[in-house]
Structure formats: structure tokens, C-alpha cells
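Peer 1: take a look and give me a structure for this.
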Amino acid sequence: MKVGTGVFVVVVVCLALVAFSSAFVVDETEQVVVTQFGRPVGAPITNPGLHFKIPFIQTINRFDKRFLEWDGDPNQVPTKDKRFIWVDTYARWKITDPLEFFERLRDERGAQSRLDDILDGETRNAVAMHDLVELIRCSKNRVPTVNEKGSDELDVEFAKISCGREGIEKIIFAAAAKRIRDAEYGIELLDFRFKRINYVREVQRKIYERMISERKRIADKYRSEGQGEASRILGEKERKLKEIQSSAYRQAQEIRGKADANAIAIYATAYNQSEGSRNFYRFIKTMETYEKVFSGRDTVILSTNGEFLKLLDSPTGKKR
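Peer 2: So this is what the prediction gives:
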């Protein structure tokens, strides 16, 4: 009984191991290719759930159903107008036929290597067939706000383009997708984009220097125009100021002349009224003259016969 029980236990354990080795679960994000001695057996398993295989003989190879990422390395690439730039790209792809993928590429590492060759090659070809402005600009209809043509690098901002960066991305995507389909790798290219485009360090430094020089030239031009406009405004201000001063002086003189005429008329009228009025007028004008001529510290020697001292000798101006 003990020997039979031990054999039974061994058999049960072996059956459990066989069952455990033959059963496997496929996740909803996975697809599986079963191989036997390295060769695929049957159709790929794409339905999630519990599946079985021959234990110890067959092997499962799992592949992702989801979108996969390809991240290219930055490369130094020349453009059509002989500008060397750094181009960094990325793409998205997926496995559409796991059996074909396994037979041609084996795993994702092999796919990434093949995508490196195809996408980097098509990127170099597309960049070499277009000018730098096509890679930098996206819009075809941008109108320059300033028409400055002193620098080749600054012309990039205002030059007309035929397709732009998005158009070049579509060209690279179409060419690479066609090569992948023709090669029957069991994968599909979903998207391609430029991550970053930049000048190489040597060219970048020269371009920055030229851009700074160009901007300084434009600033000097605006400064010169501003100074000319300021001089014109100051000249206009001086001219108007002189016109206003001249007009004010003329009006003041006219008013002063009218006032003097009125004063003379009043004086004449008062002088001609009577002898007393004339004497009083003479007295007032003489006092005003004294006030203007003499000060508290003056010493004056005059003849008694002079007209200036008549009123001092007699209020009526007659000698006594």
C-alpha cells in the first residue's frame, strides 16, 4: 500500500507539472507565436485567454499588440543648401502579423535595428533634397513684417517655401512605410515626426553672430530714423514757437500803441481844459520825473534858472 501510494503521488505530481507546462495565458495586450524546435507551429494566437501547448517541446513567443515607440539618435545631416544641422526624430509602429514578424525580425530589438536603417536613411534623403528653410518653417503663407535681406541666415525667416517641415515629415513617412510594406516585416509604421532640428555648434555660433550684427544694423537704422524725426519735430516746434512769439509781440505792441494813444489823448484833453489843469498836469509829470531821476543818495547841482527846478521854486512854475 505504501509503494502504491508513493507511485500515485509521483504520477499526480508529474501530471500537474505537465498540465502546468502545457497551459499558458495570453493577455489582451499580447499576441503569441508557438514554436517547436525554433520553428513556428500553427497560426499566431491573438485572442486573450487560456491556451495550451505541448509541454517541454513547444515554446511561446510573446509580442506586444500596442503601439510601440521608435526613438532615433540625433544625426548630423547636410541640407540641399549645404547647411549642416542636427536632426532628431521619433516614430510609432505596431506589429500587424506576429508570425511574419517572428520569421523576419525575431524580436523587437531586430525591428528597432531595421527601423533605424530605414527611417534614418529616408530622413537623410529627404533633408538632402530640401533647403534649410523648408525644415524650419511649417506655414506656406507667412508674410514677412520686415523686408530685411542683409543676412543669408535671416532670409530663412522670410523665404518662400514649397512644402514645409510637415510636408517633409509626410514624405519621409510615405517612403519608409512603403519600404516596410515591401519588405514584409509584419509591422506597420503609424507615424513619423521631427523631434528637434538645430544647427551644428560651429555654424550655430556664426549664425548667432550674424543675427546679432543684422539686428544691430536694423536697430541703428531705426535709431537714425528716430533721431531724424526728433530733429524734424524740434525744428517744427521752434518754428511754431517763433510764430507764436512774433504774433504775441505784434499784438502786445498794438495794444501798447493803442494804450499810449489813449493816454496821450487823455493827457491832451486834461491839459487843454484850463490853466489850473495844465499846471496840475505839469506838476504831476514833474513829480514822476523826479521820482525816476533822483534817489535817496543823489547829489544834484542845478541852476535856479533851469526848467527842472521851477516847481521847486514855485508850485506854479513862475519865479517869485
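
Peer 1: okay, CA-based contacts and neighbour counts for the rest of this
Peer 2: Fine.

Peer 1: helix or strand right after the one helix or strand residue 123 maps to?
Peer 2: Per DSSP states H and E: residue 123 is located in helix 108-128. Using DSSP H and E, the helix or strand that follows helix 108-128 towards the C-terminus is helix 132-136.

Peer 1: ok, residues contacting that following helix?
Peer 2: Applying C-alpha atoms under 8 Å, 6 or more residues apart in numbering, the contact partners of helix 132-136 are 79-81, 83, 127, 156-157, 159, 161-165, 168, 197.

Peer 1: give me the distance from the helix holding residue 123 to the chain's centre.
Peer 2: Between the centre of helix 108-128 and the centre of its host chain there is 33 Å, according to C-alpha atoms, centre = their mean, to the nearest Å.

Peer 1: show the subsequent helix or strand relative to the helix or strand where residue 259 lies.
Peer 2: In this structure, residue 259 sits in helix 201-271 according to DSSP H and E. Helices and strands here follow DSSP H and E; after helix 201-271, the next one along the chain is helix 275-293.

Peer 1: for that next one, packing partners?
Peer 2: For helix 275-293, the packing partners by 3 or more C-alpha pairs under 8 Å, 6 or more residues apart in numbering; DSSP states H and E come out as helix 201-271.

Peer 1: switch to 10 Å and redo it
Peer 2: Secondary-structure packing of helix 275-293 (3 or more C-alpha pairs under 10 Å, 6 or more residues apart in numbering; DSSP states H and E): helix 201-271, helix 310-313.

Peer 1: what's the most buried one of the ones you listed?
Peer 2: helix 310-313 (a mean of 15; mean count of other C-alpha atoms under 10 Å).

Peer 1: now that helix: mean pLDDT?
Peer 2: For helix 310-313, mean pLDDT is 62.

Peer 1: for stretch 111-123, same thing?
Peer 2: 95.

Peer 1: buried stuff in it?
Peer 2: Neighbour-count burial for stretch 111-123 flags 111, 112, 115, 116, 118, 119, 120, 122, 123 (criterion: 16 or more other C-alpha atoms under 10 Å).

Peer 1: same thing with stretch 30-50?
Peer 2: 30, 31, 32, 33, 34, 35, 40, 41, 44, 45, 46.

Peer 1: where's the third one, which helix or strand?
Peer 2: Put plainly, it is residue 32. strand 30-36.

Peer 1: which strands and helices lie in contact with that strand?
Peer 2: strand 39-40, strand 58-64, helix 98-105.

Peer 1: looking at the ones you listed, which is buried most?
Peer 2: helix 98-105 (a mean of 20).
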